[in-house]
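**Student:** sharing a sequence plus its predicted fold:
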Amino acid sequence: MKRFLGLGLIALAACHASIPKPQALPYPPQRIFQNVFSFLPPAELGWVMLARDAHQLALGRAGSSPDEAYGIQGRVFLRLPAYASDEEFVDLIRKALAEQSADPSYKTLKHEVSAEPSKLTSCAKSHFVAEDMAMILEVRTLSCAHPKRRDAVVTLVFSHRYYPGQADPKFAEKAAAFLSSLEFLE
């Protein structure tokens, strides 16, 4: 997943000449509308828009120590295979995340995927922690089928890269608040 997120953010940023340099987000935060979904960025100074197109966007914020960083990615994946239940949806997400995290260059410390209750649609949440080059990458993800298009999945990702022993004690709380801000459009 680190490779996927890291390469995805780099590729997304590199491919978009429409954003010549990162653009600071307003503070206090304002809801960001992205095609078929929206969300509210964390209420912290320093978030910047790294890249954006019709289907995905990437935000970033520097941490308090060298090489520490926070990231947000929002994306719509189209053509989700058919599924008959919430459990099958979670299995599809689990398999996709397992494929993305199958990188031998880092050590997976934790990878959990479970159903996330929703009145509107099928959702799965994940918690991923890996170690690479003496740094830790912690990622919280929410993936939900769009309520009006069950073949489309909206995924929000909140990540923190830090040195061992320097984890943000409020990371889980920040991630939960951010992920719960997901709203569907259309």
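**Tutor:** Yep, that arrived. Residues are numbered from 1 along each chain as shown.

**Student:** assumed residue 43 was part of a helix.
**Tutor:** No - assigned with DSSP: H, G, I helix; E, B strand; the rest coil, residue 43 falls outside any helix and is coil.

**Student:** helix or strand right after the longest helix seen in the chain?
**Tutor:** Assignment by DSSP state H gives helix 86-100 as the longest helix of the chain. Per DSSP states H and E, helix 86-100 leads on to strand 107-115 as the next helix or strand towards the C-terminus.

**Student:** tilt between the helix or strand just after that following strand and strand 107-115?
**Tutor:** Later in the chain than strand 107-115, the nearest helix or strand by DSSP H and E is strand 123-132. Strand 123-132 runs at 180 degrees relative to strand 107-115, counting by axes from the mean of the first three to the mean of the last three CA atoms, to 10 degrees.

**Student:** could you export strand 123-132 as CSV, CA atoms only?
**Tutor:** Extracted C-alpha coordinates of strand 123-132, given in CSV (Å, rounded to 0.1, in the frame of the first residue of the first chain):
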residue,chain,number,x,y,z
CYS,A,123,-18.4,0.3,3.2
ALA,A,124,-15.1,-1.2,4.4
LYS,A,125,-12.5,0.4,6.6
SER,A,126,-8.8,-0.6,6.9
HIS,A,127,-5.9,0.0,9.1
PHE,A,128,-2.4,-0.6,7.6
VAL,A,129,1.0,-0.1,9.3
ALA,A,130,4.3,-0.9,7.6
GLU,A,131,8.0,-0.2,8.2
ASP,A,132,10.4,0.8,5.4
